[in-house]
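Novice: Here is a sequence with its predicted model. Questions after.
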Amino acid sequence: MDRAHRREIGAWRRLCRRRWVDFGAFRTLLKFQEERGTSAVLIMGSTGETSMLAPEEKRQIIVETAKMKTPRMPIFFGCTGNNTDATIANVRFAAANGADGAILAAPAYICAPESDIERFFLDV
């Protein structure tokens, strides 16, 4: 049977929905983590649907979730962009809006020599 006519079975769940974040549920999840002794949380790390978010959605997530932080559980944000300038802008935005720190990765799909990747981190 060709792919166009194959019937998929089982449970399907959309993992990313653009233009909508349930911040009430986010608050509940952060409280749950804090009550169980989580030392810190990373929001928008390098896995998951982060790459599917538009820049304004990422900024909204930073602004809204940074308001939810407490002294007992710092919040870090994944800030890697598609290039050095975008990454620097993301880090500055997160810092200006209450982030406790940023996590960086080399931009995705960059097959650069190690020295170029090192330069990226030093520039940021």
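Specialist: Yep, that arrived.
Novice: now what about the helix or strand hosting residue 56, what contacts it?
Specialist: In this structure, residue 56 is located in helix 55-66 according to DSSP states H and E. With contacts defined as CB atoms under 8 Å, 6 or more residues apart in numbering, helix 55-66 is touched by 18-19, 21, 23, 26, 30, 43-44, 50, 53, 75, 77, 90, 93-94, 97-99. Any C-beta I mention is one placed from the backbone N, CA and C, and that applies to glycine too.
Novice: And for the closest residue to residue 84 other than its chain neighbours, the neighbour number?
Specialist: Computed as CB to CB, 6 or more residues apart in numbering, the closest residue to residue 84 that is not its neighbour in sequence is residue 123, at 5.0 Å. If you count neighbours by other CB atoms under 10 Å, residue 123 ends up with 10.
Novice: quick one: contacts for the residue nearest the centre of the chain?
Specialist: Of all residues in the chain, the one closest to the mean position by CA atoms, centre = their mean is residue 44, 1.2 Å from it. Residue 44 sits next to 50, 53, 58, 61, 62, 77, 78, 79 when contact means CB under 8 Å, 6+ apart.
Novice: what about it, distance to residue 93?
Specialist: Residue 44 sits 12 Å away from residue 93, going by CB to CB, to the nearest Å.
Novice: Angles on the backbone of the nearest residue to residue 41 once chain neighbours are set aside, please.
Specialist: With CB to CB, 6+ apart as the criterion, residue 41 has its nearest non-adjacent residue at 5.6 Å, and that residue is residue 75. Phi and psi for residue 75, reported as degrees, to the nearest 10, are phi -120, psi 130.
Novice: can you check residue 43 too?
Specialist: Dihedral pair for residue 43: phi -110, psi 130, per degrees, to the nearest 10.
Novice: Show the contacting residues for it.
Specialist: Counted by CB under 8 Å, 6+ apart, residue 43 has contacts 61, 62, 65, 75, 76, 77, 78.
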